[in-house]
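In: Provided below for reference: sequence and predicted model.
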Amino acid sequence: MSAVQQFQRSLSELPDTVSTVTTPEEFPDALESAIDQPAVGAELPFESVSLEGANVTLDPSPDQLREAETGVSGSRLGIASLGTVAIESLPGGDEFVSLYPSTHVAVVFESDIRTDLKSGFEWLDEEFEDGNRSFILATGPSATGDMGALVQGVHGPERVHVIIIQDDE
């Protein structure tokens, strides 16, 4: 099983989490079908896909974050065995747009998906050495059992949609 297939399998086992595999050319359509309006986002950390032309507000105000149904952010790390994505805390607001709206759409390239936590930590170690030191590891919707029954969406999104971009061959 490939890392992408394992990642999709792990995502499918999480509640309220779906994934889509698409090409860079088909990304705008995949994004459009994944978001509910109003949508906010942070610039994606990729060269071949962006939020340019999408109906997504970049650099949202606090009010726009509160009102947003969907937040879109990029991830340069997916962990296949867990269905986890790493969201870097950047000045563009990646962390905020991944946590405040009801739905988080994470965008990751298939070449950025590592098979397991060990290889994910090796990637993080390299990032830390390069001075990039603030990441959130997110696995599905937020959930807490602190007050009894398990409740989703208390301190983060209620739903997650991961768009996996195929690498150009």
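Out: That came through fine.

In: going forward, measure contacts between C-alpha atoms and count neighbours the same way
Out: Will do.

In: need the contact list for the spatially most central residue of the chain.
Out: Nearest to the mean C-alpha position of the chain, by CA atoms, centre = their mean, lies Ala106 at 2.2 Å. Contacts for Ala106 (CA atoms under 8 Å, 6 or more residues apart in numbering) come out as 72-75, 85, 98, 160-163.

In: beta-bridge partners for it, please?
Out: Legend: beta-bridge partners of Ala106 under DSSP bridges are Ser73, Val162.

In: quick one: pLDDT of it?
Out: According to the prediction, Ala106 has pLDDT 97.

In: with Ser75 instead?
Out: For Ser75, the predicted pLDDT is 97.

In: enumerate every residue touching the residue lying closest to it once chain neighbours are set aside.
Out: Distance criterion CA to CA, 6 or more residues apart in numbering; nearest residue to Ser75, sequence neighbours excluded, is Val108 at 5.1 Å. If a contact means CA under 8 Å, 6+ apart, then Val108 has 74-78, 162-165 as its contacts.

In: repeat for Ala42
Out: Counted by CA under 8 Å, 6+ apart, Ala42 has contacts 58-59, 72-74, 92-94, 97.

In: again, but for Ala80
Out: Applying CA under 8 Å, 6+ apart, the residues near Ala80 are 3-4, 6-8, 10, 113-116.

In: what is the biggest helix by length in the chain packed up against?
Out: Longest helix of the chain, by residue count under DSSP state H: helix 117-129. Under the contact criterion of 3 or more CA pairs under 8 Å, 6 or more residues apart in numbering; DSSP states H and E, helix 117-129 touches strand 78-79.

In: the strand it packs on packs against which elements?
Out: Packing contacts for strand 78-79, counted by 3+ CA pairs under 8 Å, 6+ apart, involve strand 84-88, strand 113-114, helix 117-129.

In: so which of those is nearest Gly156?
Out: strand 84-88 (12.9 Å; CA to CA).

In: quick one: low-confidence ranges for this structure?
Out: Where the chain drops to pLDDT under 70, the residues are 142-155, 169.

In: now do the strands in it.
Out: Per DSSP state E, the chain carries strands over the ranges 17-22, 39-41, 57-58, 70-75, 78-79, 84-88, 103-109, 113-114, 135-139, 143-144, 151-152, 159-165.

In: counting by contacts, list what the last one packs against.
Out: Packing partners of strand 159-165 (3+ CA pairs under 8 Å, 6+ apart): strand 17-22, helix 27-34, strand 103-109.

In: so what touches that strand?
Out: Under CA under 8 Å, 6+ apart, the answer for strand 159-165 is 15-24, 27, 30-31, 34, 102-110, 140-141, 153.
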